[in-house]
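> From the sequence below, what's the structure:
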Amino acid sequence: MKEAVNTDFPVHCRVTDTDQFLKVMFPVEDTLVDAIWKKVKVAHHPQSRWSAFPESVAKEDELYGAFVSVANAIHNAAEELCPHHPGENTARLGESTTWVDYHSKSPNSVDKDIARIRPDCLLAHSLLHDRVQTLPPGVIWWLQIVAALEMKRVVKQLIGYLRQILREQLDRRFVFGFTLGPRCMAVCLHDRSGVLLTSTPIDIHKSPKDFIRIIAAFAVLAPHKLGFDPSMKIYVQPNEVVESYRLTSETALDVFATDSYKKRWVITLNDGTQYLTVKVMSVARARVMRGRATLVWAVVRFVNGRPGTEVFVLKQSWRPETVKSEGEFYNEAKGSDCSHLGRITLCEDAVIDDMVDRTGSFIRAGLSASLPPGVNQERGTKRARAESEEPFLHVASTNDDEIERITTPREREYVSRVHTRVIMSTYGWPLKYFATLKELLSVFLNGVQGHAYLYENGLLHRDISAGNVIIAWWPSEGATTLGTRGCLIDFDRSKLGTRNPRTLLTTQLTIRSATLLDYFQSRKDSPLSVSVQADVISSADDVLGQTFSPAPENYTITTDRLGWRTVAQCFDFNTSITAPNNTNDGPKGSRTVRTPPYASAEILGHDKYGLDSNRVEYHDAIHDIESFLWILVNICLTRSGPRGARRTELTETDPGHDMLRRVVYYVFDSDEPDLIKNKRRLFAEPSAFERDIVGNFHAYFHDLKPLIRQWFSLLCLAYKHRELYEYHTLHERVIDLLKKAVVTVPSEEDHDDQFAANVFEERKKEISDLCLLSATSSTSNAAHSDSPPIATTFQTRSQQRVPPESPTPHKRAKKSVR
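Below you'll find the model as predicted:
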């Protein structure tokens with residue numbers, strides 16, 4: 001945590017005017033502030049200072065009790081002077097919270113990997129005080145912390161605490177924190193755009209009303225103004241669904257002791273529709289200091305306290321405000337017409353108090369901010385969870401205890417983010433859990449077909465990774481007993497292209513014979529091109545043998561004669577990736593996005609493959625096709641068979657397996673400079689690909705070697721001749737390769753059939769447990785109908801909501817037809 005904060009702090013923190021910050025973030029009525037001041041002044045501030053604070057501080061310990069004493073006096077006075085009325089729609093935190101001196105104990109985490117760091121003082125839920133004997137003395141769990149205070153005035157340390165709160169409290173949109181010395185206080189807000197700090201310190205003794213305003217806010221403001229998500233409630237039991245801060249003492253201990261991967265939530269959409277989470281698919285990204293902080297669950301509809309019988313996938317994230325939503329990309333590419341894409345049924349921007357929940361204009365209320373003086377751009381890392389809990393994330397196979405460290409550029413430019421939800425009707429499993437080689441290849445085939453469909457409709461995915469190509473549950477297709485197919489998901493990093501009117505390949509080419517001969521000779525002599533390009537080479541040989549003896553100076557030939565078909569569509573995805581200080585998450589959208597272990601070195605390093613390399617102008621389809629190959633290669637290197645079995649050689653100390661571990665580390669698990677260097681070497685020296693990559697495949701994947709050789713050869717050829725046929729027909733070529741591999745891959749029929757049947761039953765049981773399949777035959781038949789329900793268009797919502805706290809529907813402001 002400390003390392004992450006140190007790298008993120010310089011470029012994700014901003015400062016703003018202190019007076020404006022207090023006015024906007026803590027909107028407590030002046031009359032209430034005056035009344036509280038009048039009530040506490042005599043007892044706690046009789047002269048020129050808060051009496052609990054010593055005039056001279058010899059030890060830091062003297063400040064903890066002083067702050068807690070004064071803060072609780074203000075807190076209690078605010079509650080007394082501004083009581084919560086039963087008829088109010090919105091609950092408050094004041095009645096269930098208290099300030100606690102906590103400097104001597106570390107708060108327990110439900111996550112065993114969390115460092116035992118400790119804030120000095122906390123605003124914590126007080127409901128457990130009557131059962132504190134069941135916990136270690138003084139322990140208050142991270143899940144119970146509303147705000148944190150650090151006495152040392154070390155901002156980086158405070159930010160570490162706030163980041164931890166956001167990590168463990170999944171229903172928090174932002175969190176406040178404070179640093180305090182003997183006299184002065186600083187305030188910060190941590191949201192998904194980073195950290196916003198007050199620019200000047202607040203003298204709590206000379207400006208007691210400012211101090212009162214801050215402390216009183218936590219007693220009287222609505223919870224969503226203090227960072228809680230009003231659309232998320234804890235599911236305790238069918239008749240008990242409640243906000244996390246309103247749990248009773250009888251249930252709070254059990255709920256707070258539950259790991260994030262087991263806790264169940266009821267999430268309410270803008271129109272009041274509710275979903276119950278039944279399985280965590282990914283929450284690891286909640287730990288990011290600034291970013292999308294994507295959360296993904298398997299969910300069922302929740303109607304009148306009863307769960308539904310169909311499973312959906314619900315994804316929450318904080319997308320950059322200037323970037324289209326995943327649903328908008330999906331709709332523009334006509335995604336619902338393709339069965340190889342995850343099916344989005346709804347996409348909406350979360351709305352609170354009739355306002356879109358965004359960090360810039362709503363959470364920060366448009367406050368202007370600037371960089372703190374003296375910061376420099378740095379690079380940071382983010383760390384993922386264990387494979388058993390985060391199966392959709394890449395795992396660094398070279399060390400069981402280490403998860404992928406993805407190094408990402410950290411830009412200085414502030415990015416406002418929008419709280420977005422997506423509902424998808426496609427449920428599935430990560431690629432590594434394939435049942436047979438035939439299923440693995442079929443899923444890859446479907447994934448590339450889905451990518452080709454998007455491209456043909458002007459959309460480039462740009463983030464092909466092992467977690468974005470899934471084995472989708474699709475029993476109605478009947479293609480295999482497994483009842484699955486491949487689906488490409490997660491379109492939120494995509495890029496819309498502009499249709500390019502130029503014709504890349506006409507039906508006739510007029511070319512100097514010497515140039516043509518040189519081109520084909522270079523291809524024919526290449527050992528890489530022969531296996532995949534035999535049809536074109538043969539056609540070219542026929543043309544050369546019949547026509548170019550002797551070769552005329554110029555000659556017109558047809559592309560059909562060469563075995564080439566005219567390219568129907570071409571799109572320009574002309575997003576520059578050379579600007580170092582801008583990313584796709586920034587307003588300019590001028591830098592590519594990718595998952596480094598599977599990304600092309602051209603995209604990671606911005607230089608083209610080849611000795612005469614120059615800058616890559618933009619992310620194109622070929623880079624995504626290369627990513628598909630790296631995913632398959634990673635499986636062949638790190639897995640020992642179906643259902644996610646990992647190779648034991650990767651964790652053994654036997655020196656005989658050192659080469660395998662080195663290859664996996666330097667091609668997939670190392671930092672970006674090493675990834676770039678080693679992938680470039682493989683394209684520059686294809687023999688190294690055969691020796692180091694294919695030569696280290698697990699024996700189970702022996703039959704995939706011809707396919708992977710051909711695929712890699714095709715990429716080499718396409719990268720070498722970027723304006724010719726293969727570069728612009730990669731989808732067609734790779735799809736042909738995969739189709740042939742699916743048909744020709746050998747299998748042990750009896751073993752494969754029985755194994756597939758067992759896997760099918762296990763998957764069916766999992767789906768049944770998640771309520772997709774009912775125990776009744778009628779529901780089961782419906783689930784296996786000829787074609788699953790398809791939404792011709794999804795619904796995009798950005799400003800419609802029935803707030804969970806209010807029984808009165810608010811008007812709908814923006815809606816597209818379902």
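
> which ones are touching S317?
292-295, 420, 422, 492 (C-beta atoms under 8 Å, 6 or more residues apart in numbering). Backbone N, C-alpha and C define where each C-beta goes, glycine included.

> Could you work out the most separated pair of those residues?
The span of those, defined through C-beta to C-beta, is set by A293 and V422 at 14.1 Å.

> which of those two has more neighbours?
More neighbours surround V422 than the other of A293 and V422, with 28 against 23 (other C-beta atoms under 10 Å).

> Against V356, how distant is the more buried one?
Separation of V422 from V356 (C-beta to C-beta, to the nearest Å): 16 Å.

> again with G497
For G497, the distance to V356 - C-beta to C-beta - is 28 Å.

> now R417
For R417, the distance to V356 - C-beta to C-beta - is 11 Å.

> Among these two, which residue is more densely surrounded?
R417 (26 against 21).

> Now that one. Nearest residue, chain neighbours left out?
W318 (3.9 Å; C-beta to C-beta, 6 or more residues apart in numbering).

> which residues does the one you found contact?
Here W318 is in contact with 192-193, 291-293, 359, 417-420 (C-beta under 8 Å, 6+ apart).

> On the three-state scheme, it is what?
strand (DSSP: H, G, I helix; E, B strand; the rest coil).

> just for the stretch 551-700 of the chain, where's the confidence low?
551-594, 611-613 (pLDDT under 70).

> All the strands of it, in order from the start?
With DSSP state E, counting those that start in this stretch as the criterion, the stretch 551-700 of the chain has strands at 554-558, 571-572.

> and what of the stretch 401-550 of the chain?
405-409, 417-424, 428-430, 459-460, 469-473, 484-488, 495-496, 498-499, 508-512.

> Repeat that for the stretch 1-150 of the chain.
13-16, 97-101, 121-125, 145-150.

> Throw the ones you listed into CSV and include mean pLDDT, thanks.
CSV is the format used below for those (pLDDT from 0 to 100):
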stretch, mean pLDDT
strand 13-16, 91
strand 97-101, 89
strand 121-125, 87
strand 145-150, 92
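
> mind checking which of the ones you listed is nearest W474?
Of all those, strand 145-150 comes closest under C-beta to C-beta, at 43.4 Å.

> Can I get the closest one in PDB, CA atoms only?
Only the C-alpha atoms of strand 145-150 are listed here, as PDB (Å, rounded to 0.1, in the frame of the first residue of the first chain):
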ATOM      1  CA  ILE A 145     -14.700   3.500   9.200                       C
ATOM      2  CA  VAL A 146     -16.500   6.600   7.900                       C
ATOM      3  CA  ALA A 147     -13.500   8.900   7.900                       C
ATOM      4  CA  ALA A 148      -9.900   8.800   9.100                       C
ATOM      5  CA  LEU A 149      -7.600  11.300  10.700                       C
ATOM      6  CA  GLU A 150      -3.800  11.300  10.900                       C
END
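
> Walk me through which strands that strand pairs with, and which way each runs.
When pairing is defined by DSSP bridges, strand 145-150 lines up against strand 121-125 (antiparallel), strand 175-180 (parallel).

> For the longest one, which outside residues touch it?
Defining contact as C-beta under 8 Å, 6+ apart, one finds that strand 175-180 is touched by 25, 63, 67, 147-155, 158-159, 161-162, 165-166, 169, 185-190, 204, 214, 226-227.

> rerun that using 7 Å as the cut-off
Residues from elsewhere that reach strand 175-180 (C-beta atoms under 7 Å, 6 or more residues apart in numbering): 67, 147-151, 153-155, 158, 161-162, 165-166, 185-190, 226-227.

> Give the partner strands of whichever helix or strand comes after that strand in its sheet and their orientations.
Next along the chain after strand 175-180, taking DSSP states H and E as the criterion, comes strand 184-191. Note on strand 184-191: by DSSP bridges, its sheet partners are strand 175-180 (antiparallel), strand 194-198 (antiparallel), strand 202-203 (antiparallel).

> right, so of these, which gets closest to V241?
V241 lies closest to strand 175-180 among these, at 23.4 Å (C-beta to C-beta).

> related to what we said a few turns ago, make TSV out of the strands of the stretch 1-150 of the chain and add distance to S442.
Below are the strands of the stretch 1-150 of the chain laid out as TSV (distance: least, C-beta to C-beta, whole Å):
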stretch	distance to S442
strand 13-16	48
strand 97-101	54
strand 121-125	50
strand 145-150	48
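
> roughly how far apart are the residue nearest to R417 and S325?
From W318 to S325 the distance is 11 Å (C-beta to C-beta).

> can you check Y609 too?
Taking C-beta to C-beta, one finds Y609 at 34 Å from S325.

> Any idea how many residues pack against the nearest residue to A599 once chain neighbours are set aside?
Of all residues not flanking A599 in the chain, S627 sits nearest, at 6.1 Å (C-beta to C-beta, 6+ apart). By the measure other C-beta under 10 Å, the count of residues near S627 is 25.

> Which residues lie in contact with S627 in this structure?
464, 598-600.

> quick revisit: right, and the strands paired with strand 145-150 - which one's nearest V220?
Among the strands paired with strand 145-150, the nearest to V220 by C-beta to C-beta is strand 121-125 (13.3 Å).

> now the angle from the closest one to strand 97-101?
Orientation of strand 121-125 against strand 97-101 (axes from the mean of the first three to the mean of the last three C-alpha atoms, to 10 degrees) gives an angle of 150 degrees.
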